[in-house]
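A.B. asks: got a sequence here, can you build the structure:
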Amino acid sequence: MKSKEFPSLSGKEFSIMEMLVNEGEMFGLEMVDASDGEIKKGTIYVTLQRMAEKDLVDSFEEKRGEDETGIARRIYTPTDYGERVFKAQELAIKYLNMGSW
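C.D. replies: Numbers count the residues shown, from 1 in each chain. Alright, predicted model coming up:
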């Protein structure tokens with residue numbers, strides 16, 4: 001049975017989802033660079049793993065040529081559910097920031 005709690009994103013999760021929804025697929029260190037210091041190298045992969053467990057993001061290994069060596073980068077994309085959670089939270093934030101009732 002699914003939780004009846006409204007799904008929410010932490011600040012870091014919201015920033016990651018904002019990048020993925022607005023910019024498209026990205027790899028972890030690319031998100032660190034694009035975050036202007038908000039997301040650190042030491043937390044990006046832990047946060048992405050937690051987000052994957054919540055079905056907010058999906059990932060796949062980057063295709064590499066036969067002449068390339070080293071570990072393939074993991075590319076992250078928002079899931080449909082993750083994008084809906086992001087859009088709902090974005091809308092709630094905009095609504096709450098509209099001013100007084």
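
A.B. asks: what comes up buried for the lowest-mean-pLDDT helix or strand in the chain?
C.D. replies: One helix or strand of the chain scores below all others by mean pLDDT, DSSP states H and E: helix 80-96, with a mean of 92. Across helix 80-96, burial judged by 16 or more other Cβ atoms under 10 Å covers 82, 83, 85, 86, 89. All C-beta spots, glycine's among them, are computed from the backbone N, C-alpha and C.

A.B. asks: reformat the residues you listed as JSON lines; add distance to residue 56.
C.D. replies: Formatted as JSON lines, these follow (distance: Cβ to Cβ, whole Å):
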{"residue": "82", "distance to residue 56": "3"}
{"residue": "83", "distance to residue 56": "9"}
{"residue": "85", "distance to residue 56": "6"}
{"residue": "86", "distance to residue 56": "8"}
{"residue": "89", "distance to residue 56": "11"}
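
A.B. asks: show me the shaky parts of this protein.
C.D. replies: 1-4, 98-101 (pLDDT under 70).

A.B. asks: ranges for the strands of it?
C.D. replies: Assigned by DSSP state E, the chain shows strands spanning 26-27, 57-61, 74-78.
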